[in-house]
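Enquirer: here is my input; please provide its structure:
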Amino acid sequence: MTLEEQEETTGNWVKEAQKGYIRVASLIILNKRPAHGYEIMKEIKDKTKGFWKPTAGGVYPILRDLEKAGYIVGDWSTQKNRKIKVYKITETGEAILRRAIVKQGELANSMNSLFQEFATDVLNIEPKILPIPMMPSPFSAFLEENKQDSKEDLKSLKQKQKLLKESMVMMRKELEATSKKIAKLKQN
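Expert: Have a look, this model is predicted:
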């Protein structure tokens, strides 16, 4: 399989995963405020810094399904002489969202375990030597609120910063060692 084929395959996997997350991302956004489909697409794109760019063809069918299930309700209004449907979350939608976030957290933890196992077994990285960073939740960008950090938050962030710096130093050393091994193999 060529590198191009590998990129295409993994790109398709990412698109499939994103389609599944549109439901939860939409509910998270609507839990904050009512919005129409374009606003939901824009917020997802903005919050993920352009990594995830949902399309109308992906979002609107999901919104119809969520509305049919009773998780959101939509009301037609007019903005700039255009009819738009503005959605808001229902109590049932809020309950489903809470359960989905818990389940997603469980899934993320399971995936982190698999990633750590892969890093240890396949990449030969010892977790005790090189802390393997936890995979962030796909929803972390949507769940973070702009709040002032307390002293406790500051302490926690400084610890995280220290761990990340140490991890980066170790990863640079590991990268250099791997690059040297590759160069040596290419010479042979």
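Enquirer: do a quick rundown of the strands in the chain.
Expert: Using DSSP state E, the strands assigned to the chain run over residues 35-36, 72-79, 82-89.
Enquirer: now the helices for this structure?
Expert: In the chain, the helices defined using DSSP state H lie at 3-32, 37-47, 56-68, 91-121, 140-143, 151-187.
Enquirer: what about Gly70, distance to Ile89?
Expert: 11 Å (Cβ to Cβ, to the nearest Å). All C-beta atoms are positioned from the backbone trio N, CA, C, and that covers glycine.
Enquirer: ok, these two, which is more surrounded?
Expert: Counted by other Cβ atoms under 10 Å, Gly70 and Ile89 do not tie: Ile89 has more neighbours, with 24 against 12.
Enquirer: now do the contacts for the more buried one.
Expert: Contacts of Ile89 were listed using Cβ atoms under 8 Å, 6 or more residues apart in numbering, and they are 27, 30-31, 71-72, 97.
Enquirer: spatially, what comes nearest to it if we skip its sequence neighbours?
Expert: Leu30 (4.2 Å; Cβ to Cβ, 6 or more residues apart in numbering).
Enquirer: Lys88 is in contact with that neighbour, correct?
Expert: Yes - counting by Cβ atoms under 8 Å, Leu30 touches Lys88, with 6.0 Å between them.
Enquirer: who has more neighbours out of those two?
Expert: Leu30 (25 against 14).
Enquirer: list the contacts of that one.
Expert: 40, 72, 87-89, 93.
Enquirer: and it, what pLDDT?
Expert: The per-residue pLDDT reported for Leu30 equals 96.
Enquirer: least confident secondary structure element in the chain?
Expert: Every helix and strand of the chain was ranked by mean pLDDT, DSSP states H and E. The lowest is helix 140-143, at a mean of 55.
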